[in-house]
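Participant: Got a predicted model here, sequence first, then my questions.
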Amino acid sequence: MLGEFEYLLISAAARLGDDAYGVSIRKEIEDATGRRCSTGALYTTLDRLESKGLLKTWMGDPTPQRGGRPKRMVQVTAKGSREAASFYNAVRRASRGVSWEATRVGIR
Amino acid sequence: MTPLWWLVDKLSSVLEANERDAVRGDFAESGATGGQALRDMAGLVARRQAALWMDWRPWLALLGIVVPLGVLLTLASRMAVSRSAVPLWMYVDNWTMAHLESSGARQDLIDTGVSIFNSYLILAVWSWASGFVLGLASRRTIPVNGTLFCLIVSFVGLWQAVLPGRYHYSNAAVFSQAFYSVILPLTVQATLVILPSVWGIHQGCRVGKTQRGSARFSGHRSSRPSSRWHCGIGFGCCVPWPDNEHVWNG
């Protein structure tokens, strides 16, 4: 079972598709949660998920915008998608009938 | 480069090259300030270090190299200082030209000087070798193990220097002077133990990095750790220490 932050990271990477890398994933997570996402948490979680086979990462091409340094690109694997779906379904099942579940329409 | 970015740069050197580039690139792209970059880099390095300490090897380096060699080097340094303090005091505080006039006295002076020089040189070499072994065996955890090594050497040395009456009772005339009981031991500790150790750590890390790179390139990663340990243990423990008891009799 995924952890909360692992789920957020996989979801962000899946949403970003081909544009999933450190900065963009971090921004997605911060926008979604309204909380700061540290580089340490991001990169150590990326490693952990990659070692579990839930993500694939590779070094992209260097860009001038990044001072000539490459991006660490991220792609969700099929196993990662299944784990994320399983986590999401578990949260949905666990949320059934609770008071805040009824007000979820307010969430964008 | 501002001091904060210099610190970020130094901190990032403990990361793997790819990760370092990716993170530094992220900082550049997101327009992070020096403070933000430093906080993030420190957090990442701390997490990486914590993860490394889940393995048994850093603990082995800590208990097998850092603590014993740190204490041994401090004791060796204290011994070298104690042995050299009396002849130094005799020559420096009681200097007369008579030491140079007769050939026998001159020879004694040379012998004593060579003996003190040898003991200090071997202390420095031993310190360098200990640092080198530590850097080689514990390259990735060197921020923690290297700092602990220097702290142990510094604090044990300081404790020994300020603790009264441990080696002094038979040579009170010498060791009642602050120079021989505190300043000389701390100076030797700093210049012949800590500095060579730090240099050795730096060299060991560099060699470890090169070996790792070439082992990766040639595809022989698995053979590296055991040979490295044997080399390190042999190198660290087989450095001789001179028997300069005759210095006491001068």
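Facilitator: Here it is on my side, so go on. Please read all numbers here as calculations on a predicted model, not as lab measurements.
Participant: So which other helices or strands are in contact with the host helix or strand of residue A:88?
Facilitator: When elements are defined using DSSP states H and E, residue A:88 is found to belong to helix A:78-95. In terms of contact count using 3 or more C-beta pairs under 8 Å, 6 or more residues apart in numbering or on different chains; DSSP states H and E, helix A:78-95 is assigned the packing partners helix A:4-16. Just so you know, the C-beta spots here come from the backbone N, C-alpha and C atoms, and that holds for glycine as well.
Participant: Let's see the helix it packs on as PDB, backbone CA atoms only.
Facilitator: Taking Å, rounded to 0.1, in the frame of the first residue of the first chain, the C-alpha atoms of helix A:4-16 are listed here in PDB:
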ATOM      1  CA  GLU A   4       0.100   9.500   1.200                       C
ATOM      2  CA  PHE A   5       3.100  11.400  -0.200                       C
ATOM      3  CA  GLU A   6       3.900   8.500  -2.600                       C
ATOM      4  CA  TYR A   7       0.300   8.700  -3.900                       C
ATOM      5  CA  LEU A   8       0.600  12.400  -4.400                       C
ATOM      6  CA  LEU A   9       3.800  12.000  -6.300                       C
ATOM      7  CA  ILE A  10       2.600   9.300  -8.600                       C
ATOM      8  CA  SER A  11      -0.600  11.200  -9.300                       C
ATOM      9  CA  ALA A  12       1.300  14.400 -10.100                       C
ATOM     10  CA  ALA A  13       3.700  12.400 -12.400                       C
ATOM     11  CA  ALA A  14       0.800  10.700 -14.100                       C
ATOM     12  CA  ARG A  15      -1.000  14.000 -14.700                       C
ATOM     13  CA  LEU A  16       2.100  15.700 -16.100                       C
END
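Participant: quick check: mean pLDDT across that helix?
Facilitator: If you average the pLDDT over helix A:4-16, you get 96.
Participant: Briefly note if that helix comes near chain B.
Facilitator: No. Helix A:4-16 does not reach chain B (C-beta under 8 Å from any C-beta of the partner chain); its nearest approach is 12.6 Å.
Participant: separation between the spatially most central residue of chain B and residue A:80?
Facilitator: Nearest to the geometric centre of chain B sits residue B:197, at 2.2 Å (C-alpha atoms, centre = their mean). Distance, residue B:197 to residue A:80, using C-beta to C-beta, to the nearest Å: 46 Å.
Participant: ok, now residue B:145?
Facilitator: Distance, residue B:145 to residue A:80, by C-beta to C-beta: 35 Å.
Participant: Kindly report the same for residue B:139.
Facilitator: Counting by C-beta to C-beta, the separation of residue B:139 from residue A:80 is 32 Å.
Participant: now residue B:134
Facilitator: Counting by C-beta to C-beta, the gap between residue B:134 and residue A:80 amounts to 40 Å.
Participant: quick one: which of these two has more around it?
Facilitator: Between residue B:134 and residue A:80, counted using other C-beta atoms under 10 Å in any protein chain shown, residue B:134 has the larger neighbour count: 29 against 24.
Participant: Which of the three states applies to the closest residue to that one other than its chain neighbours?
Facilitator: Nearest non-adjacent residue to residue B:134, counting by C-beta to C-beta, 6 or more residues apart in numbering or on different chains: residue B:65, 5.2 Å away. Here residue B:65 is helix, with the state taken from DSSP: H, G, I helix; E, B strand; the rest coil.
Participant: thought residue B:65 was touching residue B:132?
Facilitator: No. In this structure, residue B:65 is not within contact of residue B:132 by C-beta atoms under 8 Å, at 10.7 Å.
Participant: higher neighbour count, the two?
Facilitator: Here residue B:65 and residue B:132 are set side by side on neighbour count (other C-beta under 10 Å), and the busier one is residue B:132, at 26 against 22.
Participant: And that one, which helix or strand is it part of?
Facilitator: Mapping residue B:132 onto the secondary structure by DSSP H and E places it in helix B:103-137.
Participant: Can you tell me which helices and strands that helix packs against?
Facilitator: Helices and strands touching helix B:103-137, by 3+ C-beta pairs under 8 Å, 6+ apart, are helix B:67-92, helix B:98-101, helix B:142-162, helix B:195-218, helix B:224-237.
Participant: Nearest approach to residue B:172 belongs to which of these?
Facilitator: When the helices and strands packed on helix B:103-137 are ranked by proximity to residue B:172, the top entry is helix B:67-92, at 11.3 Å, counting by C-beta to C-beta.
Participant: What residues sit buried inside the closest one?
Facilitator: Within helix B:67-92, the residues scored as buried using 16 or more other C-beta atoms under 10 Å in any protein chain shown are B:69-70, B:72-74, B:76-78, B:80-89, B:91.
Participant: Repeat that for stretch B:115-128.
Facilitator: Buried residues in stretch B:115-128, counting neighbours by 16+ other C-beta under 10 Å, are found at B:115-116, B:119-120, B:122-124, B:126-128.
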